[in-house]
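> Give me a 3D structure for the following:
(chains A and B)
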Amino acid sequence: NAGVTQTPKFRVLKTGQSMTLLCAQDMNHEYMYWYRQDPGMGLRLIHYSVGEGTTAKGEVPDGYNVSRLKKQNFLLGLESAAPSQTSVYFCASSYLSGTNTDTQYFGPGTRLTVL
Amino acid sequence: ILNVEQSPQSLHVQEGDSTNFTCSFPSSNFYALHWYRWETAKSPEALFVMTLNGDEKKKGRISATLNTKEGYSYLYIKGSQPEDSATYLCAFYPNTGNQFYFGTGTSLTVIP
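Next up is the predicted model:
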């Protein structure tokens, strides 16, 4: 049982390049989330998914796209990276809604630098 | 965007000291509050899920209380140990939305 995994762990991009971050969970969780973590700020929600084939915008969705083609995977895409997207990205999952008793399980994070 | 504040931002205590810190959130639309422990170079791990006013949860030397009417939760650590060194995050879930709002965390360093 690997929990929540993220690939890659580190990446350096040039402005304008694209990339996809992969999140995978093996806990059969319905909900999955992508957060970014910046110095002096709390974790901020980018996009989330309440189930296979569905996605929704979070607090800071601009510049990102997501897809949830399979229940266990949640992909975060940057079509044209900008220096403002330099951050640490965390994926999380929860069984149901993550509201009441469902805690979120976090991946190890991806450190992205955009030059 | 909802304002979730944690204080203090950082804390240094001696081994054996007891300590506490605060998470403040909007009291008018409370649904749930989660506490997480985040060690350096690791992922946040859930400590407590709190949903009812007056809730008290305990796990070993760590406990938490919740006051939804005044909009705060306290996290207490009794007899701090070096392995307690971590950032402690709270996450607020309002009854008007579909996402958590995280505080910036309290960074605790326990000095042996």
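> I'd like to know which residues of chain A are adjacent to chain B.
Applying CB under 8 Å from any CB of the partner chain, we find that chain A lies next to chain B at A:4, A:33, A:35, A:40-45, A:48, A:56, A:58-59, A:90, A:97-109. Every C-beta, even on glycine, is put in place using the N, C-alpha and C of the backbone.
> how about a cut-off of 10 Å?
Neighbours of chain B within chain A, by CB under 10 Å from any CB of the partner chain: A:3-4, A:6, A:31, A:33, A:35, A:37-45, A:48, A:50, A:56-60, A:90-92, A:94, A:97-109.
> Read off the pLDDT value for residue 109.
Using chain A. Residue A:109 carries a pLDDT value of 94.
> that answer is for a different chain, and I need it for chain B
Per-residue confidence at residue B:109 stands at 97 (pLDDT).
> just residue A:115 next, same as before
At residue A:115, the pLDDT value in this model is 95.
> What of residue A:96?
For residue A:96, pLDDT reads 69.
> For residue B:76, grab the count of nearby residues.
Residue B:76 has 15 neighbours, counted by other CB atoms under 10 Å in any protein chain shown.
> ah, wrong one, I meant residue B:7
Residues near residue B:7, counting by other CB under 10 Å, number 13.
> Quick one: low-confidence residue ranges for chain B.
Counting by pLDDT under 70, the low-confidence segments of chain B come to B:1.
> can you pull out the strands in it?
B:5-7, B:10-14, B:19-24, B:30-38, B:45-50, B:56-59, B:62-67, B:72-77, B:86-94, B:101-102, B:106-111 (DSSP state E).
> so which of the ones you listed is the most packed in?
Most buried of the strands of chain B, by mean neighbour count (mean count of other CB atoms under 10 Å in any protein chain shown): strand B:86-94, with a mean of 24.
> Run the angle between that strand and strand B:106-111 for me.
Taking axes from the mean of the first three to the mean of the last three CA atoms, to 10 degrees, one finds that strand B:86-94 is oriented at 160 degrees with respect to strand B:106-111.
> Roughly how far does residue A:51 sit from residue A:90?
Taking CB to CB, to the nearest Å as the measure, residue A:51 falls 20 Å from residue A:90.
> quick one, which of the two is more surrounded?
Neighbour totals were compared for residue A:51 and residue A:90, and residue A:90 leads with 23 against 12 (other CB under 10 Å).
> so that one makes contact with residue A:35?
Yes - counting by CB atoms under 10 Å, residue A:90 does reach residue A:35; the two are 4.6 Å apart.
> quick one: common contacting residues for the two?
Shared contacts of residue A:90 and residue A:35, defined by CB atoms under 10 Å, 6 or more residues apart in numbering or on different chains, comprise A:43, A:46, A:104, A:106, A:107, A:109, B:44.
> Quick one: those as CSV, columns for distance to residue B:76, neighbour count and secondary structure too.
Formatted as CSV, the shared contacts of residue A:90 and residue A:35 follow (distance: CB to CB, whole Å; neighbours: other CB atoms under 10 Å in any protein chain shown; DSSP: H, G, I helix; E, B strand; the rest coil):
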residue, distance to residue B:76, neighbour count, secondary structure
A:43, 23, 27, coil
A:46, 33, 24, strand
A:104, 23, 26, coil
A:106, 24, 23, strand
A:107, 29, 27, coil
A:109, 28, 20, coil
B:44, 19, 28, coil
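> mind giving me a markdown table with the residues you listed and columns for distance to residue A:26?
Listed next are those as a markdown table, based on distance: CB to CB, whole Å:
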| residue | distance to residue A:26 |
| --- | --- |
| A:43 | 22 |
| A:46 | 22 |
| A:104 | 15 |
| A:106 | 14 |
| A:107 | 12 |
| A:109 | 18 |
| B:44 | 19 |
